[in-house]
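Chemist: Here is my input; please provide its structure:
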Amino acid sequence: MPGAAPEPPVLPVAEIEIEAGAGGTPRLVILVPSLELSQLTGGPNTALHLGARVAARGVPVRFVATHGGVEALDGALAGHVSRLVGGADRALPISYESVLGPGRPLRLARGDVLVATWWPTAYLAAAAIEQTGAADFIYLIQDFEPGFYPWSTNYALAEATYSMPMRAIFNDRLVEAHFVAGGIGRFRDAAASATSITFEPAVDATLFRPRPRTGPRRLLFYARPSKPRNLYPLGLQALRSAAAGGTFQGWDLQSIGERIGRQALGDDAVLEPTPWLDVQGYAELLGTSDVLLSLMLSPHPSYPPLEMAASGGIVITNTFGVKTAAALATVSPRIRAVEPEVGALAAALRAAVAGPREEAPGQTGVPHSWDRALEPVVDWILSGLGRSD
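Modeler: Okay, the predicted model is just below:
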């Protein structure tokens, strides 16, 4: 019987053209997988947050999609980015383009600064700086991305990007700690950390806040079967184990994230799927819910636990390396992290459900606005461009 087909590499294929002349004002060229609104989840939106704030300081910014297109709806993408920076009504010096497909080269001036945001885009950035003569590119590192794959070609290619000539922007101190503790790539050398910067992800306190909790108590399960690192089968088994003995009697049990269908947990407990919600609806759901089960086998805490803690609920999540229970408790005492195994998760769920309903304030140690979270990073980028304004 033949084996499974090999996993294809996902490296971008794009021609690079260098513009003639010395060039004018340096531009920040941010390479993202796609600029289609349906693909703009937490990680890509963080890149948009950052680029828009650099543009608001007067630096021209180009967002370039390497693996997808640009949102076709007229003005929809610009409106989305404007909302990320608080609905600024003045025009920002931002352009959007795609290099996917023939006849769409990546055009660069020699002074342009490249920003990679996903490991395949690092390969394009590395090829680009060979032609522009830049010493390095900026790498927005939001997770240990080889972990997205089994040990494979893509794992090796992703890990190799961390040895490329780059300066890192780490999304979360625990992600940086993972790289430093593991001596990954350039971070075998302490000098790499000295040329990089870290920020804590923001949770918008105007959206994610406690709301009146009435009616049956509610537990949410962040279910993403298509993303192995979100541990969907483990979470589902933990819920089924916790359900034994009528633990969830009288509770409203809902899944959020991807549509998974209705799931019987046992002892008459049923996990019902929740339709896709916009960000306002999602924030209202968290603010009126009591417990969230949200797992991710990664050093990053991920966004749902931070958002739920800010909304006043209890979060059950997993530990991973430097992401210890103690480290997450410093982010919020409402985040309860245990080893990623069925018994520990089921016990944590039973303890959370057995407690009284609380009218608790939101509690997180992360910034409450993206302006506050990213201001030091924007200053760091401007300094690298020779700007101090």
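Chemist: what domains does the record give for the protein?
Modeler: 16-202+370-384, 218-354 (automatic domain parsing).
Chemist: For P210, which of those is the nearest?
Modeler: domain 218-354 (3.3 Å; C-beta to C-beta). Where C-beta positions appear, they are placed from N, C-alpha and C, glycine not excepted.
Chemist: Which among the domains of the chain is found nearest to P212?
Modeler: domain 218-354 (7.1 Å).
Chemist: Quick one: end-to-end distance for the closest one.
Modeler: Length of domain 218-354, first residue to last, C-alpha to C-alpha, to the nearest Å: 13 Å.
Chemist: swap in stretch 154-174?
Modeler: Stretch 154-174: ends 23 Å apart by C-alpha to C-alpha.
Chemist: try stretch 300-314
Modeler: 18 Å.
Chemist: about what we covered before: looking at the domains of the chain, which has the lowest confidence?
Modeler: In terms of average pLDDT, domain 16-202+370-384 trails the rest of these, at a mean of 89.
Chemist: Show the end-to-end separation of that domain, please.
Modeler: Termini of domain 16-202+370-384 sit 23 Å apart (C-alpha to C-alpha).
Chemist: quick one: secondary structure of F208?
Modeler: coil (DSSP: H, G, I helix; E, B strand; the rest coil).
Chemist: What about it, how many residues nearby?
Modeler: Here the number of neighbours of F208 (other C-beta atoms under 10 Å) works out to 24.
Chemist: List phi and psi for the closest residue to it other than its chain neighbours.
Modeler: Of all residues beyond its chain neighbours, the one nearest F208 is A310 (4.1 Å), with distances taken as C-beta to C-beta, 6 or more residues apart in numbering. Dihedral angles of A310 (phi, psi; degrees, to the nearest 10) stand at phi -70, psi -20.
Chemist: Strands of the stretch 51-200 of the chain, start to end?
Modeler: 61-65, 94-98, 106-108, 113-116, 137-141, 166-171, 197-199 (DSSP state E, counting those that start in this stretch).
Chemist: Quick one: closest of those strands to W151.
Modeler: Here strand 137-141 is closest among these (C-beta to C-beta), at 20.4 Å.
Chemist: Contacts made by the closest one with the rest, please.
Modeler: 46-47, 50, 113-117, 122, 125-126, 128-129, 161-162, 164-171, 175, 179, 381, 384 (C-beta atoms under 8 Å, 6 or more residues apart in numbering).
Chemist: run the last query once more with 7 Å
Modeler: 47, 113-117, 122, 125-126, 129, 166-171, 175 (C-beta atoms under 7 Å, 6 or more residues apart in numbering).
Chemist: Is the residue nearest the centre of the chain part of a helix or strand, or is it coil?
Modeler: In the chain, the residue lying closest to the centroid (C-alpha atoms, centre = their mean) is G43, at 3.3 Å. Following three-state DSSP, the label given to G43 is helix.
Chemist: quick one: it from V203, how far?
Modeler: 15 Å (C-beta to C-beta, to the nearest Å).
Chemist: Do I have it right that L207 meets A283?
Modeler: Yes: between L207 and A283 there is a contact at 4.1 Å, judged by C-beta atoms under 7 Å.
Chemist: Looking at those two, which has the bigger crowd around it?
Modeler: With neighbours defined as other C-beta under 10 Å, L207 and A283 compare such that A283 has more, 21 against 16.
Chemist: so which helix or strand takes in the more buried one?
Modeler: Following DSSP states H and E, one finds A283 within helix 279-287.
Chemist: continuing past that helix, what's the next helix or strand?
Modeler: Counting by DSSP H and E, what follows helix 279-287 is strand 291-293.
Chemist: tell me what that following strand is packed against?
Modeler: Strand 291-293 makes packing contacts with strand 218-223, strand 314-318, helix 342-354 when contacts are defined by 3 or more C-beta pairs under 7 Å, 6 or more residues apart in numbering; DSSP states H and E.
Chemist: ok, then the element right after the shortest one?
Modeler: Which is strand 314-318. helix 325-331.
Chemist: For A135, give me its contacts.
Modeler: P165.
Chemist: Relative to I129, how far out is it?
Modeler: 7 Å.
Chemist: Ok, A244 next?
Modeler: A244 is 57 Å from I129, by C-beta to C-beta.
Chemist: which one of these two has more residues nearby?
Modeler: More crowded of A244 and I129, by other C-beta under 10 Å: I129, with 19 against 14.
Chemist: What sits closest to that one if chain neighbours are left out?
Modeler: Nearest to I129 is F137, by C-beta to C-beta, 6+ apart, at 5.4 Å.
Chemist: Quick check: that neighbour vs S98, distance?
Modeler: From F137 to S98 the distance is 19 Å (C-beta to C-beta).
Chemist: R336 now?
Modeler: R336 is 43 Å from S98, by C-beta to C-beta.
Chemist: One more: A283?
Modeler: 31 Å.
Chemist: likewise I141?
Modeler: 23 Å.
Chemist: Between these two, which is the more surrounded one?
Modeler: In terms of neighbours (other C-beta under 10 Å), I141 is the more surrounded of I141 and S98; the figures are 30 against 19.
Chemist: Mutual contacts of A135 and I129, please.
Modeler: Joint contacts of A135 and I129 (C-beta under 7 Å, 6+ apart) are P165.
Chemist: Quick one: the helices in the stretch 1-150 of the chain, in order.
Modeler: 42-55, 76-84, 119-132 (DSSP state H, counting those that start in this stretch).
Chemist: What lies in contact with the shortest one?
Modeler: Spelled out, that is helix 76-84. 35, 37, 40, 45, 48-49, 52, 70-71, 88, 94, 96.
Chemist: That's all I had, so thanks and see you.
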